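Trainee: 3D model of this:
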Amino acid sequence: MNPDVIIDLALAPSEHHVTASQFLPISLLSSLGMAATVATTIYAYADLLCTDPTACEDTEQSAYAAVVAIANGIAHTVAILILGPLQHLVSKYLKAGLFMWIICRATSVVCLVIGVAFRSVPIAVSGRIFEGLASDNLLHFNLNTIYVSVACPTRKEASRPIAASLALYMLGTAVAPIAVTIFRSYTASFTTALVIFALTMAYLVIFVRQPVRRGTSTLSNESAQPGWNKSPLGVLLSPLRPFYTNRKVIPYGLSLLLYTAVQGHLFPVIMVFASIRFHFGTFENGLIVSTAAICAALQISLQIYVAPMLVRLGHRFGWGAQYPWRVWHQDRNTVVGALVLQMVALSAITQVRSPIQLYLAVALSSAGLAVPAFFKAHFVSFMPDAPQAISALTFMESVGGLLSPFVLGAWQAVIPGPSVFLLAVALLGTTLGLFLVAGLIHSSGRG
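Mentor: Numbers count the residues shown, from 1 in each chain. A predicted model of the protein is given here:
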């Protein structure tokens with residue numbers, strides 16, 4: 001008997017029991033845990049740096065802002081540095097990345113607690129190192145790598161779980177402002193976060209088996225490319241291998257980097273604008289985040305569940321024929337449409353005259369939050385090594401997140417007012433242009 005057939009038969013029972021949908025609850029639970037830690041961070045740093053944590057003085061607020069900026073920089077830098085080694089770990093054991101993510105995220109909370117207990121800012125800030133090891137980008141990296149790894153070799157079936165996972169994550173994000181309101185002390189906040197992470201770990205250990213790869217191996221060609229592994233720098237840059245081996249897809253990477261550079265700091269910019277223009281407080285700004293997250297989750301759900309049902313219903317009644325190229329271009333068209341909607345919404349924000357108009361513009365702008373899921377689904381659909389492609393895109397997202405405060409944040413600090421949204425529109429327009437150019441290059445290459 002053919003050895004490949006024997007291997008397939010041996011793996012068949014595991015494949016039958018392990019599906020991408022089993023990992024979807026982890027996205028929601030992790031997001032809820034992160035929502036609780038938002039409050040933990042706020043109250044822990046306030047307790048450390050302010051005489052009265054509920055009413056920081058101006059000088060104390062400046063110190064708080066400086067510490068948070070340093071901590072955020074540390075977290076983003078660590079997230080970039082860890083991606084290469086993490087990719088190698090996940091290539092050998094798919095669930096290892098999720099285990100590491102949960103442990104590191106919980107550890108970041110513990111560091112905050114210890115820092116407050118010992119009145120030590122360095123200990124509290126060290127928690128951001130662990131938070132960098134468990135950033136939202138790395139959570140999506142771990143989950144998306146699993147989705148594309150357990151998908152069929154064509155990887156078309158990975159599109160839905162990638163999008164559904166992001167929708168569930170957005171639902172958890174919508175809870176964050178509520179968490180800040182409910183948890184009036186860091187003690188209640190960190191306790192809730194640790195309980196959620198413990199439940200997430202228990203679910204992963206008890207209910208989810210080790211997934212079996214059905215697609216290509218992440219590092220299947222490493223032996224043929226030893227230069228990537230001979231030095232620490234090679235390991236750190238190994239996620240970029242798809243762009244090195246196929247220069248034609250570089251515009252895709254640049255497009256996602258630029259998108260993240262805008263998106264990573266867009267909603268803080270909106271909240272600052274709302275605070276100045278309409279005197280928004282914590283509750284109103286929290287409502288901005290919740291509105292955007294809920295609308296994004298709703299849009300994704302409509303795209304991956306309702307729209308396909310309507311299409312199938314139309315085919316049943318003979319209203320249209322289904323062509324393969326329509327399926328292939330669906331993710332691409334969603335990316336284009338979402339970027340255009342967000343550009344329109346951000347342009348509208350410059351003209352808002354009332355809070356309700358701002359909330360409506362934010363709801364429309366939330367279309368852009370769905371871009372990463374469909375962008376990745378489109379990209380991996382034609383890449384020879386889907387897990388490696390996910391690593392490459394995650395690297396670009398992490399770099400974009402690091403640059404984000406220096407793009408929109410710096411502009412808003414120097415030139416207050418709505419002009420920052422016009423800058424965002426221009427950058428998103430460039431993002432869209434790079435994405436379309438990349439698609440044309442890929443199509444011409446196939447032809």
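Trainee: rest of the way, CA atoms for contacts and neighbours
Mentor: OK.
Trainee: Return the distance of the longest helix anywhere in the chain from the chain's centre.
Mentor: In the chain, taking DSSP state H as the definition, the longest helix is helix 58-92. A distance of 15 Å separates the C-alpha centroid of helix 58-92 from that of its chain, computed with CA atoms, centre = their mean, to the nearest Å.
Trainee: Give me the buried stretch members for that helix, please.
Mentor: Residues of helix 58-92 classed as buried: 60, 64, 67-68, 71-84, 86-88, 90-91 (neighbour count, 16 or more other CA atoms under 10 Å).
Trainee: Mind giving me the packing neighbours of it?
Mentor: Identification of packing neighbours for helix 58-92 by 3 or more CA pairs under 8 Å, 6 or more residues apart in numbering; DSSP states H and E yields helix 24-49, helix 96-117, helix 121-132, helix 136-150, helix 232-237, helix 386-404.
Trainee: Need the CA coordinates for the last one. PDB is fine.
Mentor: This points to helix 386-404. Only the C-alpha atoms of helix 386-404 are listed here, as PDB (Å, rounded to 0.1, in the frame of the first residue of the first chain):
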ATOM      1  CA  ALA A 386      -0.600  29.400   3.800                       C
ATOM      2  CA  PRO A 387       0.800  29.400   7.300                       C
ATOM      3  CA  GLN A 388       3.900  31.100   6.100                       C
ATOM      4  CA  ALA A 389       1.800  33.700   4.400                       C
ATOM      5  CA  ILE A 390      -0.100  34.400   7.700                       C
ATOM      6  CA  SER A 391       3.300  34.900   9.400                       C
ATOM      7  CA  ALA A 392       4.300  37.400   6.800                       C
ATOM      8  CA  LEU A 393       1.100  39.400   7.100                       C
ATOM      9  CA  THR A 394       1.300  39.400  10.900                       C
ATOM     10  CA  PHE A 395       4.800  40.800  10.700                       C
ATOM     11  CA  MET A 396       3.600  43.700   8.600                       C
ATOM     12  CA  GLU A 397       0.700  44.300  10.900                       C
ATOM     13  CA  SER A 398       3.000  44.400  13.900                       C
ATOM     14  CA  VAL A 399       5.300  46.900  12.300                       C
ATOM     15  CA  GLY A 400       2.300  49.000  11.300                       C
ATOM     16  CA  GLY A 401       1.000  48.900  14.800                       C
ATOM     17  CA  LEU A 402       4.400  50.200  16.100                       C
ATOM     18  CA  LEU A 403       4.400  53.100  13.600                       C
ATOM     19  CA  SER A 404       0.800  54.000  14.100                       C
END
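Trainee: Quick check: Gly429 vs Gln342, distance?
Mentor: 10 Å (CA to CA, to the nearest Å).
Trainee: more neighbours, those two?
Mentor: Counted by other CA atoms under 10 Å, Gly429 and Gln342 do not tie: Gln342 has more neighbours, with 23 against 18.
Trainee: Contact partners for the more buried one?
Mentor: Neighbour list for Gln342: 364-368 [criterion: CA atoms under 8 Å, 6 or more residues apart in numbering].
Trainee: Give me the contact list for stretch 178-192.
Mentor: With contacts defined as CA under 8 Å, 6+ apart, stretch 178-192 is touched by 33, 35-41, 43-44, 109-110, 113, 283, 286.
Trainee: State the pair within those that is farthest apart.
Mentor: By the measure CA to CA, Val110 and Phe283 form the most distant pair in the contacts of stretch 178-192, at 27.1 Å.
Trainee: so what's Leu112 up against?
Mentor: With CA under 8 Å, 6+ apart, Leu112 has these contacts: 40-41, 44, 123-125, 127.
Trainee: if we go to 10 Å?
Mentor: By CA atoms under 10 Å, 6 or more residues apart in numbering, the contact set of Leu112 is 37, 40-41, 43-45, 48, 118, 120-128, 186, 190.
Trainee: Buried ones among the residues you listed?
Mentor: Among the contacts of Leu112, those classed as buried by 16+ other CA under 10 Å are 37, 40-41, 43-45, 48, 121, 123-128, 186, 190.
Trainee: Got the phi and psi for Leu133?
Mentor: Note on Leu133: its backbone torsions stand at phi -70, psi -10 [degrees, to the nearest 10].
Trainee: now the closest residue to it other than its chain neighbours: how far from Gln22?
Mentor: In this structure, Leu133 finds its nearest non-sequential neighbour in Ala79, 5.5 Å apart by CA to CA, 6 or more residues apart in numbering. Ala79 sits 26 Å away from Gln22, going by CA to CA.
Trainee: repeat for Leu339
Mentor: As judged by CA to CA, Leu339 and Gln22 stand 30 Å apart.
Trainee: quick one: which of those two has more around it?
Mentor: Leu339 (25 against 15).
Trainee: Enumerate every residue touching the residue nearest the centre of the chain.
Mentor: Nearest residue to the geometric centre of the chain (CA atoms, centre = their mean): Asn137, 4.3 Å. Going by CA under 10 Å, 6+ apart, Asn137 touches 76, 79-80, 83, 393-395, 397-398, 401.
Trainee: What is the most widely separated pair among the residues you listed?
Mentor: Farthest pair in the contacts of Asn137 (CA to CA) is His76 and Leu393. Separation: 15.2 Å.
Trainee: mind putting the helices and strands packed on helix 58-92 in TSV, distance to Ala198 and mean pLDDT included?
Mentor: As requested, the helices and strands packed on helix 58-92 are exported to TSV (distance: least, CA to CA, whole Å; pLDDT from 0 to 100):
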stretch	distance to Ala198	mean pLDDT
helix 24-49	10	85
helix 96-117	8	93
helix 121-132	16	87
helix 136-150	16	94
helix 232-237	30	86
helix 386-404	26	95
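Trainee: Any idea which of those helices gets closest to Ala438?
Mentor: Each of those has some distance to Ala438 by CA to CA; the shortest is helix 386-404, at 14.1 Å.
Trainee: quick one: the closest one to helix 136-150, angle?
Mentor: Per axes from the mean of the first three to the mean of the last three CA atoms, to 10 degrees, the angle that helix 386-404 makes with helix 136-150 is 170 degrees.
Trainee: Most neighbours among the contacts of Gln342, which one?
Mentor: Counting neighbours by other CA under 10 Å, Ala367 leads the contacts of Gln342 with 27 neighbours.
Trainee: Do you know the pLDDT at Ala63?
Mentor: At Ala63, the model reports a pLDDT of 74.
Trainee: residues in contact with it?
Mentor: With contacts defined as CA under 10 Å, 6+ apart, the neighbours of Ala63 are 45, 49-50, 57, 69.
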